[in-house]
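J.: return atomic coordinates for the entry below.
(one chain, ligands or ions: 2)
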Amino acid sequence: MTPLIDPFQRAINYLRVSVTDRCDFRCVYCMSENMTFLPKKELLTLEELDRMCSTFIRLGVEKLRITGGEPLVRRDIMTFFRAMTRHLDEGTLRELTLTTNGSQLERFAGDLYDAGVRRVNVSLDTLDEQKFADITRWGRLPQVLSGIDAAQKAGLRVKINAVALKGFNEDELFTMTEWCAARDMDLTFIEVMPMGDIGNEDRLGQYWKLSDLRDELSKEYTLTDLPERTGGPARYVRLEETGQKVGFITPLTHNFCESCNRVRLTCTGELFMCLGQEDNADLRSALRNHPKSDQPLEQAIRDAIALKPKGHDFDYSRQTVDGRVSRHMSHTGG
Ligand code: SAM
Ligand code: SF4
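T.: Numbering: from 1, shown residues only. Ligands and ions are numbered 1, 2, ... in the order given. A predicted model of the protein is given here:
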């Protein structure tokens, strides 16, 4: 089978799948408090998600990251994870991971491990209980911390993802770094992106440039640049004093598009070839209209990959939020 290669000669072997647009949190940079969610019938069923992912795997996708919304609030989602185990066993799928807010990890960590998941990314922006309640609106920090404990106990490697927010978690840079080091967890910072209409927003006010954050870190630690790229947008350094890896996802200060190997599938079966562009392809009709053959779906995927753009256009440099996209992050999957 010919692999998926886009017009810029990038091999596409990484699929991120949003399995729900729903969430038990309402993080202020991600959702408005009163979100309208999609009617259930719009969502791909678990069987459709399986067919969709299996087709991508047949076409050369080796890494699947499950996201949302909050993936672990989707009903029976473990059925889907367990179904993907067969591809891991066959060796066609090399990695099955998820990005989660951690609220349900205490319940599911063991099942995830049994399904073949070995790494999880947990999003956590602060270690202060009140600030956590403020930023997530509905979340409770102790629940997430218990989830992280359970994940580590189950044998999952945990990476913490923190959105860098000016005036919010700037003062926790060192406490969070040390907390992660003490628990043997890597830490990645993400620049806040202009996604979705979330009401009362102040993206420029929130925007904490990661080059500044990095300068701050280097006051306390010796930073060694690591050449490794995990196929994702993060650049990594090692903190020599702790040995831990710290990543920077900098869509705004550093363009990483030239090595992009990924596409994103929404919970309704739209394929976004780039997080920062509106272009998408409807794969759900190719799937639903042809229940007996995957050939039309394969063709629809190939046609979509042929349209993958060179890069995104997010730009804060003119002091306005340019290149904004109207989708919420929870729609495309972070
Ligand atoms: N609910 C899960 C979670 O929070 O990890 C998975 C979905 S969430 C949309 C994925 C990631 O996107 C999280 O790390 C979140 O912090 C990040 N995110 C959401 N909105 C963002 C924004 N506007 N800019 C940057 N990152 C954002
Ligand atoms: Fe939910 Fe994740 Fe968005 Fe927070 S960032 S509201 S946890 S989807």
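
J.: and the chain, which residues reach ligand 2?
T.: 23, 25-27, 30-31, 68-70, 101, 123, 329-330 (Cβ under 6 Å from any ligand atom). Glycine gets a C-beta too; all of them are placed from N, C-alpha and C.

J.: just among those residues, which is most surrounded?
T.: Gly69 (29 neighbours; other Cβ atoms under 10 Å).

J.: which pLDDT value belongs to that residue?
T.: What the model reports for Gly69 is a pLDDT of 97.

J.: and the residues of the chain next to ligand 2, which of them are in strands?
T.: Using DSSP state E, the members of the residues of the chain next to ligand 2 that fall within strands are Ser123.

J.: show me the contacts for Ala306.
T.: With contacts taken as Cβ atoms under 8 Å, 6 or more residues apart in numbering, Ala306 has the following neighbours: 6-7.

J.: can you pull out the helices in the stretch 151-300 of the chain?
T.: Secondary structure of the stretch 151-300 of the chain, counting by DSSP state H, counting those that start in this stretch: helices at 173-182, 203-206, 210-217, 283-288, 295-305.

J.: what's the most buried one of those helices?
T.: With neighbours taken as mean count of other Cβ atoms under 10 Å, those reach their highest mean count in helix 283-288, at a mean of 19.

J.: with only the CA atoms kept, save that helix in CSV.
T.: Coordinates of the C-alpha atoms in helix 283-288 are reproduced here as CSV (Å, rounded to 0.1, in the frame of the first residue of the first chain):
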residue,chain,number,x,y,z
LEU,A,283,-14.5,11.5,5.9
ARG,A,284,-17.7,10.6,7.7
SER,A,285,-19.8,10.4,4.5
ALA,A,286,-17.1,8.3,2.8
LEU,A,287,-17.4,5.9,5.7
ARG,A,288,-21.2,6.0,6.3
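
J.: need the contact partners of that helix.
T.: Helix 283-288 has contacts (Cβ under 8 Å, 6+ apart) with 44, 48, 51-52, 265, 268-271, 296-297, 299-301, 304.

J.: and it, how far out from the chain's middle?
T.: Chain-centre distance of helix 283-288: 24 Å, with Cα atoms, centre = their mean, to the nearest Å.

J.: next: stretch 262-280.
T.: Mean-position distance between stretch 262-280 and its chain equals 13 Å (Cα atoms, centre = their mean).

J.: same thing with stretch 120-131?
T.: Relative to its parent chain, stretch 120-131 has a centroid offset of 15 Å by Cα atoms, centre = their mean.

J.: and ligand 1, is it touching that?
T.: Yes: Stretch 120-131 comes into contact with ligand 1 when judged by Cβ under 6 Å from any ligand atom, the residues involved being Ser123.

J.: tell me the contacts of the residue nearest to Leu59 when sequence neighbours are not counted?
T.: Take Leu59 and drop its neighbours on the chain: the residue closest to it by Cβ to Cβ, 6 or more residues apart in numbering is Leu4, 5.3 Å away. Residues in contact with Leu4 (Cβ under 8 Å, 6+ apart) are 11-13, 59-61, 301-302, 305.
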